[in-house]
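Student: Turn this into a structure:
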Amino acid sequence: MKPFLRPLVLATTVALTVPLLTAQPASATASPTIGQTSTAAAAVNTAPQEALDALSIVHADDIRGNVTLPATAGAYDVAWSSSNAAVLSTTGVVTRQAASTAVTLTATIAGTTATRQLPVTVTAAPAGLDTAYDAGYLWTHFASTDYEKIYLGSSTDGLHWSKLNGDKAVLANLAGTLGVRDPHLVRSATGDEYWILGTDLHAEGTAGGGSWDQVNASQKLVVWRSTDLVTWSDQSLVFAGSPNAGNVWAPEATWDETTGQYYVYWSGRDKTQVGTDDWALRVYVSTTRDFVHFSTPTVWLDENSSTNDADGPNIIDTTLAKEGDTYYRFSTSDWRTVVDTASGLAGPWTRVIARGEDTAHGLSDHIEGLTVYQLPDGRWVVMGDSGGYRASVTDSLASLRFTALPTGATGANTYSFSKPFRHGSVLRLSSAEETRLLAAYGTSTGPTPTPANTKGEILRYSFDGGSGTTVQDVSGNGQNGTIVSGGTWQNGSVKLDGTDDYIALPNDLLAGVTDVSVQADVWIDSAQSGAYFIYGLGNTTSGAGDGYLFTSGNNYRTSLATGNWTTEQTVTSGSALPRGRWAQLTYTLSGTTATIYLDGVTVGSGTVTTDPKDIGGGTTTANAIGRSNYTADNRFRGQIREFAIYNRALSASEVLAASGNTTALVDVTLSGDVLKTAPIVDPASRTVTFPVKPGTDLTRLAPAFVTAGGVTASPASGTVRDLSSPKTVVLTPAGGGTATTWTLKAVTMGSPIIPGLYADPNIAVFGDTYYVYATTDGTPGWGGKDFFVWSSKNLVDWTRSATPILTLDGANGNVPWATGNAWAPTIIEKGGKYYFYFSGHNASLNRKTIGVAVADNPLGPFTAQPTAMITNGESVNSGQAIDPAAFTDPKTGKSYLFWGNGTPVYAELSDDMLSIRAGTTERISGLTGFREGTFVNYRNGMYHLTYSIDDTGSENYRVGYATSTSIGGPWTSRGVILEKNPSLGILATGHSSIVNVPGTDDWYIAYHRFAIPGGDGTHRETTIDRVGFDPATGLMQKVTPTLESVAPQVVPTAPIAVTATAGTRCIAGKIVVTAVATNTNAFAARIVVRSPWGSKSVADVAPGATVSAAFSTRTTSVTGDAVTTTATAFVGGAPATASTTAPYSAAHCG
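Tutor: Okay, here's the model as predicted:
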């Protein structure tokens, strides 16, 4: 933006509004039209001169933009003249000069002698103003302490945010309700004037009198003004122009170049409609030049008019963004985001994301307090608050397609907050603005970093020989602790009673700390109950944690949080700590890798993107051993005999050495570049599995490891071993003692079978080729939109299709009804066509539905039907219409679709395979623990139904199994046939499909698991293992999940065959085409003979038997052609087909 030197063009009608803080009585009388101003009625019988004397000009000594010149004074019309109309016109339009200019305005009342001169100064236009707004970002927001106050945050990239001013408030509301919320920062059109608008509301915090009253509590705007972004005026409480506003919430303002004024918009209720059907929250808009005088507000957004419901729909928190020539108006309607567009602020506005469509466009369905702005790389980000802000980005607002970002400390595709931000707005700064701000508010770096000794120890308590209430710091840093409420010394430890005892630690222990280690030797009493912290380093606000680092023995975990529990980043072991014995607990954070150890051994790791120094900006005043940062939690009951904090991450060998654990192996690896993924160490079974790359010589591997000091390993670390079969390592502690034996083994890791993150695999075989269709994983919220297909001739070597076979992306994809969440496909062949069923998000219904696409080849191209075939609005439905699985019953030839989440259902498919046959949908019972992912196979007269149990994000996700002698049930539960093996790092084995190799009785199961290493419910990979059947019962045997996967197996050629001959005969002067087909197989088959004049089908043709057919042509002659014969049967439990053609010659009768 250039320095503003041209006149500002305003609406021609400018009416008087008396500033609220004058003593004049005022009432709004103007009609509700944008551009008009609410007027003030002076007292009756006010003399003309007295009326003029009451007039004032806002900021008369420092005018930087257009001003309001009152059109009336009391009951009188006012005429204006200017001593320099080129600088300040008689309509209030300002043209700033190179130097500050004094102007005298004269107000007169026609027909009277009353006159009033008002001297003003039009401040010089700024010279050399930096208007390149390409520096950092400023987030003006609020937080609650005693009262709500205004805080500032900064970011260099618009995604990773930290607090300014040491996380201390910069502004407070000293009038009205004493609270201020939802601040919005406005930069003037001239670039050298700023305002902060806020909600006058106290509803949270420790101070009394808070209320969410929407009738009388917040009826004015809180306004501050500044000319440098640093020094701010006292706040003003300004009448927003609506005497009937029950509340004035979340005000924002946008400059309108067309009219030369600011549009100001806020949400509120009409208090005259309390208790009626018209009392919903609406968004109102008015205009202003100076943030003192406002036009009469009119309704800008109203979601309630169509329902007339007193409870809504409501609409609040409107914010604007402009891309190109288009304005985008984002608002929140009862947590749902709606978006409108217009070419100008005056409208007309068009709804482009309707209520309920937000998730279909990639936005959350539960956010408010939106702020939208452009990033340095040109993308746009939508920030929305739901217990903490979340970020979604798009390359262009016009696309209306947003992608949620994960949290992360760095990178263009993550976001973070050093502490939670509340509702506010973002402004990108110029370099000059940023320099001023950081000089004023960014120099506070928090407390001085706590000193550490040469070992990196910030403090260490050994508890040796202690007494009294002081716990001596033996690190030499003087960070002594204090026993509170009567903890007792006991044999080199302190015993805490779990009622009120704890050890208070010094403040600010984490100041300046990036990497950290915390070690504690603890004895947890068996009577410990409830939620508790073993230690907590951080802050407590209003009884709740407000940034902390803690460890709990419940499901042994350590978390780092920058705010309350919703901001915790956690590493967990997955099981509770042992009780009634001593245990050493260690937490390390190195960069973004956090690890927890138990007795020197790693039991959990994960990613943490926040530094300890970011907790409270380094200020921590509620540090303790034995006390939670949440006052409602229980205290720790047990003993502690060692406690240390380091300003660095200890290595695994250091942790082991400190633990004294002589039974452990750490830092395990193999020499050379042979590992496909990290070794899998299972302390419980004392086994190490080395997953090596295919082609590795397992007979010459050199395992390397570290043991505790004084321990002798035999064979020693680095010894070359033959690990093609399990081998042992014996650990003997110094001086003898009980030896410990570990077992080492290497496996050739053939899994995952397809590289990358893919889930919900459907494996199929058509002809001599295997195919896998799967969900594209690795996106937040399972938001993948593309389906690919992989093909293989041998189950081992797979090739992915070059492009997606389907893309679920609305108008940008090729499935008209679907907008993402491309989940869990299935495929089936019938009549030479391939039918691909899948689930996706249906934007028009705002839920998951199932669709179908058709192709002539398993590789595509597929053409999707224009609408979904299953909407979950049917009379028989499931929790979600997801996870379809297609199956053709070999007994009847009928095809079925199984699907569901929470409740399993199935139905017969129509003849064209594109819809459900009416009246056939039924729920399925007997599937113990069913969650989702059904699949059906048939073998030797028995139907086998597999399905997934538990949540896909749980490591206990697994495959259940049931059988029946009928496709319609009843189904008998057969337990679990596939589940995790933590000793191999195999977790969350589920959503499976099973295939039979045609012409054999060999069966394979494809399933997904958490990716190895470090996978979770949205980072999954696909693998295959073998399925066996009990020869006596015919039931599936439990599947052994492996890292190796399976050996190559090709589809045998010609699992089924048929022969045929054809000829012609003359009967009664007409040609008859004849054919003889022979079942050459060793099993019965269905044989179908087809000719141009009809077909004949015979079921269960015995081995070696023939089928004869005769087709009357009703003509005297035919040209040469052929008869087609097809044989079908289930071979090894899977359908097999063979066809042949038998030619016949031209013939003529007569």
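
Student: show me where pLDDT drops low in the chain?
Tutor: 1-45, 305-312, 443-446, 1054, 1132-1134 (pLDDT under 70).

Student: Go ahead and flag the most central residue of it.
Tutor: Pro780 (4.6 Å; Cα atoms, centre = their mean).

Student: wait, what's in contact with Glu434?
Tutor: 135-136, 138, 154 (Cβ atoms under 8 Å, 6 or more residues apart in numbering). From N, CA and C alone the C-beta is placed, and that goes for glycine too.

Student: Out of those residues, list just those in helices.
Tutor: When DSSP state H defines the helices, the subset of the contacts of Glu434 inside them is empty.

Student: Can you show me the helices along the stretch 301-450 of the chain?
Tutor: 431-441 (DSSP state H, counting those that start in this stretch).

Student: Would you format the contacts of Glu434 as a markdown table with neighbour count and distance to Val681 included?
Tutor: Below are the contacts of Glu434 laid out as a markdown table (neighbours: other Cβ atoms under 10 Å; distance: Cβ to Cβ, whole Å):
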| residue | neighbour count | distance to Val681 |
| --- | --- | --- |
| Ala135 | 19 | 48 |
| Gly136 | 19 | 45 |
| Leu138 | 22 | 48 |
| Ser154 | 20 | 43 |
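
Student: Out of these, which is nearest to Val372?
Tutor: Nearest to Val372 among the contacts of Glu434 is Leu138, at 15.2 Å by Cβ to Cβ.

Student: Can you tell me the element Thr50 falls in?
Tutor: Actually, residue 50 is Glu. It isn't Thr. Assigned by DSSP states H and E, Glu50 falls within helix 48-53.

Student: List the strands paired with whichever helix or strand comes after that helix, with their directions.
Tutor: As assigned by DSSP H and E, the chain's next helix or strand after helix 48-53 is strand 72-73. Next to strand 72-73 in the sheet, as set by DSSP bridges, lie strand 76-77 (antiparallel).

Student: buried ones in the very next helix or strand once past the partner strand?
Tutor: Of the helices and strands lying after strand 76-77 in sequence (DSSP H and E), the nearest is strand 79-82. Under the neighbour-count criterion of 16 or more other Cβ atoms under 10 Å, strand 79-82 has 80, 82 buried.

Student: Pull the residues that contact strand 79-82.
Tutor: By Cβ under 8 Å, 6+ apart, the residues outside strand 79-82 that reach it are 69, 88-90, 103-110.

Student: Look up how far Val711 lies from Ala739.
Tutor: Relative to Val711, Ala739 is positioned 10 Å away (criterion: Cβ to Cβ, to the nearest Å).

Student: Now do the shared contacts for those two.
Tutor: Joint contacts of Ala739 and Val711 (Cβ under 8 Å, 6+ apart) are 731-733.

Student: buried subset of those residues?
Tutor: Here, 16+ other Cβ under 10 Å leaves 731-733 buried among the shared contacts of Ala739 and Val711.

Student: Out of the residues you listed, which sit inside strands?
Tutor: Residues of these located in strands (DSSP state E): 731-732.

Student: Tabulate the buried ones among the shared contacts of Ala739 and Val711 (TSV), appending distance to Phe636.
Tutor: Shown next, in TSV, are those (distance: Cβ to Cβ, whole Å):
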residue	distance to Phe636
Leu731	33
Thr732	36
Pro733	31
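
Student: Check the buried ones among the shared contacts of Ala739 and Val711 against Thr803 and report the nearest one.
Tutor: Nearest to Thr803 among these: Leu731, at 54.1 Å, using Cβ to Cβ.

Student: Out of the contacts of Glu434, which comes closest to Met383?
Tutor: Distance to Met383 across those (Cβ to Cβ) is lowest for Leu138, with 13.5 Å.
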